[in-house]
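Participant: got a structure for you, letters missing:
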């Protein structure tokens, strides 16, 4: 046993992040910590890596009880953590970064021998990276290798990787897993933090599932299934089938007639795009990123001008109207960038909930805000849409992604919208939060709302949408009812049928 | 992170889990900021003391003693401090409105000069009854200052020129304009040095007790008004939304350009009243030093108050105290300019205190965001 953690308790203001968690790591194994965002995985590992001090519980390394005060302490004890955000000096070389903070070459740095040293270490674990390259020259995947190398160079025996695959492409993930296996074979203990089920099943020896700060179970990967893990993780059956009432659609809410629009780089991003959307219908827009999705959302919400074509909302010409006019015509927007444009992180939950309705009675009278009305309205929204927040005054940046997204949806649904443009509404959310966002969207549709759902997640589109349209190079290249859509066909259309075609402007 | 049945306000934070101070029932986090400030002040006077000791050989304690004894404990000194703080509070109130909207209006000095010019021009030439003349002076100064800083607002919204640069540059334009006015169009007949004629008696506000005058009350009334504007009006809500989250505000249908312009107008208008106050309350005429650098001092004051309108008058009083105390320093053989050094040091230390505060908060909340 390399490490044993017993009864770890860690409190934060208002939340019990770790509630008596036991955890252990054996040499040569890849032990996954699985759980939703906020389940306490990162907290538990930060305790082990010395970033947090536990309120209760003990840690044994190599059978000896230790108290870890700082990340430096942890590294000395053989525990190293690679965070989601890399901590590298971009103007330094790989070798320099690997030895950064070590007092090893005391005075003169002989870069040649240093590089040789680092290269040897890299070789041992199959971490392919040029030790003399500067960090800024490297891809994200390579930088991650440098982070790992940095830890190995410090001689850690336990390597903690916090959602390492989040930044990697599928090909890089494959490569990365090979490296992980190699390191495990060399006797390292590896903790892999993730919430991606398929990856977890692929790479793990053992899996520990956490939920709401508690350890649910530790199981061997061979003896479990993705389904069982999902149930443990969420705490109940995951609803894969959504409750979509079969309702006839209403009148046309949105009609785009051959609209053209420029990207930020002043290149045409939408090229005569046309589509139509009816009340009580979800239209899913599928497409490879950068084919005009963002511009599409922004033109409909009045944030980006169209250079040609017409936009009709509820039969009224709304071409090139201001955002406010669009809002007042009933257009809601769930933007791609949740924290930067969807909400104002430094303002309170209360303020963020009021962003669109503060100007209307009863929330303001004359130039003054009616705080009592605002509070009671915000309180109702928080309750109705299950937004978890310590108080209405809490700064929004302290909420989890799922709660921020529920806040945005609550605000947008509350402003009596008839048309909602939702862009990547569940990107980066865990299963539970994704499910609740999906239910909110479906509910909105069942109540007669029209939703334009722009998403990169084909499964999401196929399960939520009534109709699917494929966007390619700023045009709709095909439309079909979602129940008739085959994932392969949609995929082919997303690629523009002719495979050599360029994937369009990058935005 | 949570399931649907378990959520919302009632059952979230268990108050027992929060590190709270029982007596006051406030979170420990709320103490980070005062603590940081105390550290900043101690540090300022410690470093200042070392400088005194090293350069003059004087005992720093006696020096500080006479410094504060005069400013804050002698009747005349207190009046002087209050009088000096008046234009600073007014200019600071104007600046804070812009700062809250994320606009760096550093042009209070110039806006004050515009206010002073307009007040003098009207106060000298328009022989109207006091009940008409005084409101007219204040209104005209407000409009003049608003238009002056509105130029920066226009340049910002139209051409994207950063307001920090333009407002700062416009200060010098306005100050030169003031100099031209007192040696040209508004000059008194046969002056010993450049100055305007005295304003009409009915335009002169009385002293409460020399050197404190009525404009101090105006300054104090302005503070709650600005507080209301920021915290209780939809304009205040909008300007904060834009200040903290430009993109989100745009998305919510706010007209950023219009708001920028409005904010610059109001901000400059209020700041200009600082110059008016000096003319009608203190100088009764215009001289070269009528704005006295208070517009620049107001920048320090606003920083010190962290852009909080309620804290700003206190910061203004403290800084005024340091400026007033400077004259007593010469009595113990320390140059008066030393108080400027102290103010500079204080600003540095307050910036440093910001780091301390963030560090304390970080330690105490240990990133509460990971969890909720």
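Facilitator: Looks like it came in fine. Computed from a prediction, not measured in an experiment: that's the story for all the values here.

Participant: Quick check: closest non-adjacent residue to residue A:314.
Facilitator: Spatially, and ignoring its direct neighbours in sequence, residue A:314 is nearest to residue A:253 (6.0 Å; CB to CB, 6 or more residues apart in numbering or on different chains). (Each C-beta comes from the backbone N, C-alpha and C, glycine too.)

Participant: which ones are touching that neighbour?
Facilitator: The contact partners of residue A:253, by CB atoms under 8 Å, 6 or more residues apart in numbering or on different chains, come to A:277, A:278, A:279, A:313, A:314, A:418, A:419, A:450.

Participant: before we move on, what SS does residue A:470 have?
Facilitator: Three-state call for residue A:470 (DSSP: H, G, I helix; E, B strand; the rest coil): strand.

Participant: follow-up on the earlier one: format the contacts of residue A:253 as JSON lines; extra columns: secondary structure and pLDDT.
Facilitator: Output for these, formatted as JSON lines (DSSP: H, G, I helix; E, B strand; the rest coil; pLDDT from 0 to 100):
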{"residue": "A:277", "secondary structure": "strand", "pLDDT": "95"}
{"residue": "A:278", "secondary structure": "strand", "pLDDT": "94"}
{"residue": "A:279", "secondary structure": "coil", "pLDDT": "94"}
{"residue": "A:313", "secondary structure": "strand", "pLDDT": "94"}
{"residue": "A:314", "secondary structure": "coil", "pLDDT": "93"}
{"residue": "A:418", "secondary structure": "coil", "pLDDT": "90"}
{"residue": "A:419", "secondary structure": "strand", "pLDDT": "95"}
{"residue": "A:450", "secondary structure": "strand", "pLDDT": "95"}
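
Participant: Top of those by number of neighbours, please.
Facilitator: residue A:450 (28 neighbours; other CB atoms under 10 Å in any protein chain shown).

Participant: any idea how far that one lies from residue A:283?
Facilitator: 8 Å (CB to CB, to the nearest Å).

Participant: Give me the common contacts of the two.
Facilitator: With CB under 8 Å, 6+ apart, residue A:450 and residue A:283 have common neighbours residue A:277.

Participant: ok so, going back, out of the contacts of residue A:253, which is nearest to residue A:328?
Facilitator: residue A:313 (10.4 Å; CB to CB).

Participant: how far away is the closest one from chain B?
Facilitator: 14 Å (CB to the nearest CB, to the nearest Å).

Participant: hang on, that residue packs against residue A:326?
Facilitator: Yes: taking CB atoms under 8 Å as the definition, residue A:313 is a contact partner of residue A:326 at 7.4 Å.

Participant: Could you pull out the buried residues of the host helix or strand of the residue nearest to residue A:314?
Facilitator: Assigned by DSSP states H and E, residue A:253 belongs to strand A:252-262. Across strand A:252-262, burial judged by 16 or more other CB atoms under 10 Å in any protein chain shown covers A:252, A:253, A:254, A:255, A:256, A:257, A:259, A:260, A:261, A:262.

Participant: and which of these is nearest chain B?
Facilitator: residue A:261 (16.9 Å; CB to the nearest CB).

Participant: Residue A:302 versus the closest one, what's the distance?
Facilitator: 12 Å.

Participant: Find residues that contact each of those two.
Facilitator: In terms of CB under 8 Å, 6+ apart, residue A:261 and residue A:302 are not both contacted by any residue.

Participant: Which pLDDT value goes with residue B:357?
Facilitator: Residue B:357 carries a pLDDT value of 84.

Participant: Nearest residue to it in space, please, no chain neighbours.
Facilitator: residue B:36 (3.8 Å).

Participant: got the contact list for the helix or strand harbouring residue B:219?
Facilitator: Assigned by DSSP H and E, residue B:219 belongs to helix B:215-232. With contact meaning CB under 8 Å, 6+ apart, helix B:215-232 is reached by A:368-369, A:371, B:82-83, B:85-87, B:89-90, B:93, B:96-97, B:100, B:205, B:208, B:235-236, B:239-240, B:266, B:270, B:273, B:277-278, B:280-282, B:309-310, B:312-313.

Participant: so where is the chain shaky, pLDDT-wise?
Facilitator: I went with chain A, as the question did not name one. A:13-14, A:37, A:103-110, A:167, A:169-170, A:236-243, A:488, A:495-507 (pLDDT under 70).

Participant: meant chain B, my bad for not saying
Facilitator: Within chain B, the ranges that satisfy pLDDT under 70 run B:1-29, B:365-372.

Participant: ok, longest helix in it?
Facilitator: helix B:130-159 (DSSP state H).

Participant: how far off helix B:215-232 does it point, in degrees?
Facilitator: Here helix B:130-159 runs at an angle of 40 degrees relative to helix B:215-232 (axes from the mean of the first three to the mean of the last three CA atoms, to 10 degrees).
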